[in-house]
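A.B. asks: I'll drop the sequence and a predicted model, then ask my questions.
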Amino acid sequence: MNHKWWVLASVACGTFMATLDSSVVNIALPTLTKELGSDLYRIKWVVISYLLVVTCLLLPLGRLSDQVGRKNIFQLGFLVFVSGSGLCGLAPTLVGLVFFRSIQAVGAAMLMANGPAIITSTFPSRERGTALGTLAMVVSLGLVTGPSIGGFLISHLGWRSIFFINIPIGLIGILLVQTFVRNDDFHRLKAQVKSSAKSLVPAFDWVGAFLQTVILILFMVLFDPPLVSISGSLPFSISRWLVGVLLVVLSVLFIQVEKDAAAPLFDLSLLKNRIFWTANLSGFLTFVSFSSVSVLVPFFLEEVLRYPPQRAGLLMTAIPLTIFVVAPISGRLSDRLGSQQLSIAGAIVGAAGLFIMAGAFGLGIHANITQIEIILALCSIGLAIGLFQSPNNNAIMGSVPIPKLGVASALLATVRNLGLVTGTGLATSVFTWRFAVTGDFIASFHTSLFVAGIVGVGAIFASLGRGKC
C-alpha cells in the first residue's frame, strides 16, 4: 500500500478511537444517570467537560504543532487519550469521571488538532477531498459501531468497559504513527541548523492561548450558565449580560494581542479569506443544530419507548451508517464539482429533518412512533452530515497555505467541538426549561429540535455566502 495511505490509516486510527468513545458515551448517558445517582442536568457534564477541554486546547495545540512538529504532538495524543480512558474506567464517582474525561480530552485535542493537517500535507490537492471523505467515513464507522458496541458492553460488562475498549485501539495507533508518519520538513531543517544563535521557532503565544481559553469558556457559559453556590447559599445562575460584556471586552483584547504577537496563536489574516470564515461559520451552526439529536434521542428511546441500551444503540447507528455511505461519495464529488452546492444541500436536508422530527409539518417523533419511522428520521440527519461535512472541510483546508495548515486544522476541530458543546448546552437548557413548565417529555423534546432547526437554517445562509469553491 502506498505510504500516503498508511499515513491516512494512522490518522484514521486516532479519529476512529475518539469518535467511538464519543458515540459510546452518548448512548451510556441514561445508564450513567442511574448508576451514578444523577440527573440530565448534571450527567451532561460527562459530555460537556470533554468537549470543553478539547475545544479550549485545539488552537494552542495546533499552533504548537506548527512549531515543534505535528508527529510529536499527534503521537503524544494517543498516549494521553489511552491513559485517560483507563482512568475513566476506574472512576468511582461522577466527579471523578468528569475529571478523568478532562484528561482524556487533552489527548483527544492533540489528535484532532493534527489529523486534517497531516492528511492535507500528505495528499495532493486532486486527492484531498477523497482523503478527507475517507476520514469522514472512518468517523462514521466509529459512530456506527459505537452505539451497538456500547449497548452490548453496557448490557453485559457494565458501563466501565466502554472506556477500556480504547486501550488496544490506542496502542495500535501509536505503532502506526511511529512507523509511517514522517517528521515535518521544517522540523528536520531546524535540526540541521545547530549553530544558529537564535531559535528558528518564535516563542509560543501563551497570553493569546490563555485569552482564547477564557473566551471559549465564556461563550459556552453564555448559552448554558451553570448554577453557582457560594458558602452554602442557594444556587444562582450567572448573569448572561455580565458574561456577554466580559466576552466582548476579552475578544477585543485578544485581537490586539494577536496583532502584536510574533507568532500569534490565531493568524487574523485568515479572517480575510471569505471561504475560510464562512465555511467555519456554517460548520459551527451545523454542529450546534445536530447536537440535540445525539444528546436527547437516546433519552427518548430509553425513557419514553423503554428500549434497552443495546436496542437504542442499534437504532442510533442509523445516523453514522448513512454518513458512512454518503461521506466518501460527497468527498469525491467535491474534488470534481466544488464544495458549495453539496454543503448547501446538506444544510437544507439537516434543517428540514430537524423540523420534521419536531412536528413542524404534522409528523414528528411521538410516543407511538415505529422503529422504521425512527430510522428514517435519523437517516435524514446522517444524510445531511454526510453531504455537508467532507465538502465543507475540503473548502476550509484547501483555502489556506501549507505553513498555516496546523492552525487551520486546529480551528476546524475547534469550531466543530465548540458547536457540539454549545449545541449540547442549548439543547439541554431548552429541554429542561420546557419540561419544568409542561412536565411533558415529548413537547420539550419537540421544542429543542425546533430551536435546533432554526440554527440549521442559519447554516444554509452561511453556506450561500461562501461563493463558489
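C.D. replies: Now that the structure is in, tell me what you want to look at.
A.B. asks: Mean confidence (pLDDT) on the helix or strand that contains Gly151, please.
C.D. replies: According to DSSP states H and E, Gly151 maps onto helix 125-157. Helix 125-157 carries an average pLDDT of 74.
A.B. asks: what's it packed up against?
C.D. replies: Judged by 3 or more C-beta pairs under 8 Å, 6 or more residues apart in numbering; DSSP states H and E, helix 125-157 is in contact with helix 3-35, helix 94-122, helix 161-164, helix 309-316, helix 318-337, helix 371-398. Every residue, glycine included, has its C-beta placed from N, CA and C.
A.B. asks: For the third one, what is the distance to the chain centroid?
C.D. replies: Meaning helix 161-164. On the basis of C-alpha atoms, centre = their mean, to the nearest Å, helix 161-164 sits 20 Å off its chain's mean C-alpha point.
A.B. asks: One more: the last one?
C.D. replies: Relative to the chain's own centre, helix 371-398 is displaced by 14 Å; criterion: C-alpha atoms, centre = their mean.
A.B. asks: list the buried ones in it?
C.D. replies: For helix 371-398, burial by neighbour count (16 or more other C-beta atoms under 10 Å) applies to 374-375, 377-398.
A.B. asks: Asp260: which of the helices and strands packed on helix 125-157 is closest?
C.D. replies: Asp260 lies closest, by C-beta to C-beta, to one member of the helices and strands packed on helix 125-157: helix 94-122, at 23.9 Å.
A.B. asks: Need the helices and strands packed on helix 125-157 in TSV (columns: distance to Ile43).
C.D. replies: TSV is the format used below for the helices and strands packed on helix 125-157 (distance: least, C-beta to C-beta, whole Å):
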stretch	distance to Ile43
helix 3-35	5
helix 94-122	7
helix 161-164	14
helix 309-316	14
helix 318-337	21
helix 371-398	22
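A.B. asks: could the ones you listed go into JSON lines alongside distance to Gly84 and mean pLDDT?
C.D. replies: Output for the helices and strands packed on helix 125-157, formatted as JSON lines (distance: least, C-beta to C-beta, whole Å; pLDDT from 0 to 100):
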{"stretch": "helix 3-35", "distance to Gly84": "10", "mean pLDDT": "79"}
{"stretch": "helix 94-122", "distance to Gly84": "3", "mean pLDDT": "85"}
{"stretch": "helix 161-164", "distance to Gly84": "8", "mean pLDDT": "87"}
{"stretch": "helix 309-316", "distance to Gly84": "23", "mean pLDDT": "80"}
{"stretch": "helix 318-337", "distance to Gly84": "23", "mean pLDDT": "81"}
{"stretch": "helix 371-398", "distance to Gly84": "26", "mean pLDDT": "87"}
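A.B. asks: how about the CA coordinates for the helix or strand containing Ser444, as CSV?
C.D. replies: According to DSSP H and E, Ser444 maps onto helix 441-464. Coordinates of the C-alpha atoms in helix 441-464 are reproduced here as CSV (Å, rounded to 0.1, in the frame of the first residue of the first chain):
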residue,chain,number,x,y,z
PHE,A,441,-41.2,15.0,27.6
ILE,A,442,-42.4,14.9,24.0
ALA,A,443,-43.3,18.6,24.0
SER,A,444,-40.0,19.5,25.5
PHE,A,445,-38.2,17.3,23.0
HIS,A,446,-40.0,18.9,20.1
THR,A,447,-39.2,22.4,21.3
SER,A,448,-35.4,21.6,21.5
LEU,A,449,-35.5,20.1,18.0
PHE,A,450,-37.4,23.1,16.6
VAL,A,451,-34.8,25.5,18.0
ALA,A,452,-32.1,23.3,16.5
GLY,A,453,-33.8,23.5,13.1
ILE,A,454,-33.8,27.3,13.3
VAL,A,455,-30.0,27.2,13.9
GLY,A,456,-29.7,24.8,10.9
VAL,A,457,-31.4,27.5,8.7
GLY,A,458,-28.5,29.8,9.7
ALA,A,459,-26.1,27.2,8.3
ILE,A,460,-27.8,27.3,5.0
PHE,A,461,-27.3,31.1,4.7
ALA,A,462,-23.7,30.8,5.8
SER,A,463,-23.0,28.3,3.0
LEU,A,464,-24.8,30.5,0.5
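A.B. asks: helices or strands next to it in the packing?
C.D. replies: Secondary-structure packing of helix 441-464 (3+ C-beta pairs under 8 Å, 6+ apart): helix 274-299, helix 340-357, helix 405-438.
A.B. asks: if you set the cut-off to 10 Å instead, what comes out?
C.D. replies: helix 274-299, helix 340-357, helix 371-398, helix 405-438 (3 or more C-beta pairs under 10 Å, 6 or more residues apart in numbering; DSSP states H and E).
A.B. asks: what is the orientation angle of it with helix 340-357?
C.D. replies: Orientation of helix 441-464 against helix 340-357 (axes from the mean of the first three to the mean of the last three C-alpha atoms, to 10 degrees) gives an angle of 160 degrees.
A.B. asks: Helix 441-464 vs helix 274-299, what angle?
C.D. replies: Interaxial angle of helix 441-464 relative to helix 274-299 (the same axes, to 10 degrees): 170 degrees.
A.B. asks: For helix 441-464, buried residues please.
C.D. replies: Of all the residues in helix 441-464, those buried under the rule 16+ other C-beta under 10 Å are 441-442, 444-453, 455-460, 462-463.
A.B. asks: The helix holding Gly151: how far from the chain's middle?
C.D. replies: When C-alpha coordinates are averaged (C-alpha atoms, centre = their mean), helix 125-157 and its chain have centres 13 Å apart.
A.B. asks: And for stretch 394-405?
C.D. replies: Put simply, stretch 394-405 sits 19 Å off its chain's centre (C-alpha atoms, centre = their mean).
A.B. asks: Export only the CA atoms of that stretch, formatted as PDB.
C.D. replies: C-alpha atoms of stretch 394-405 as PDB (Å, rounded to 0.1, in the frame of the first residue of the first chain):
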ATOM      1  CA  ASN A 394     -12.200  20.400   1.900                       C
ATOM      2  CA  ALA A 395     -13.100  24.000   1.300                       C
ATOM      3  CA  ILE A 396     -11.600  25.100   4.600                       C
ATOM      4  CA  MET A 397      -8.300  23.100   4.300                       C
ATOM      5  CA  GLY A 398      -7.900  23.900   0.600                       C
ATOM      6  CA  SER A 399      -8.200  27.700   1.200                       C
ATOM      7  CA  VAL A 400      -5.100  28.100   3.400                       C
ATOM      8  CA  PRO A 401      -1.400  27.900   2.600                       C
ATOM      9  CA  ILE A 402       0.700  25.000   3.800                       C
ATOM     10  CA  PRO A 403       2.500  26.900   6.600                       C
ATOM     11  CA  LYS A 404      -0.900  27.600   8.200                       C
ATOM     12  CA  LEU A 405      -2.300  24.100   8.000                       C
END
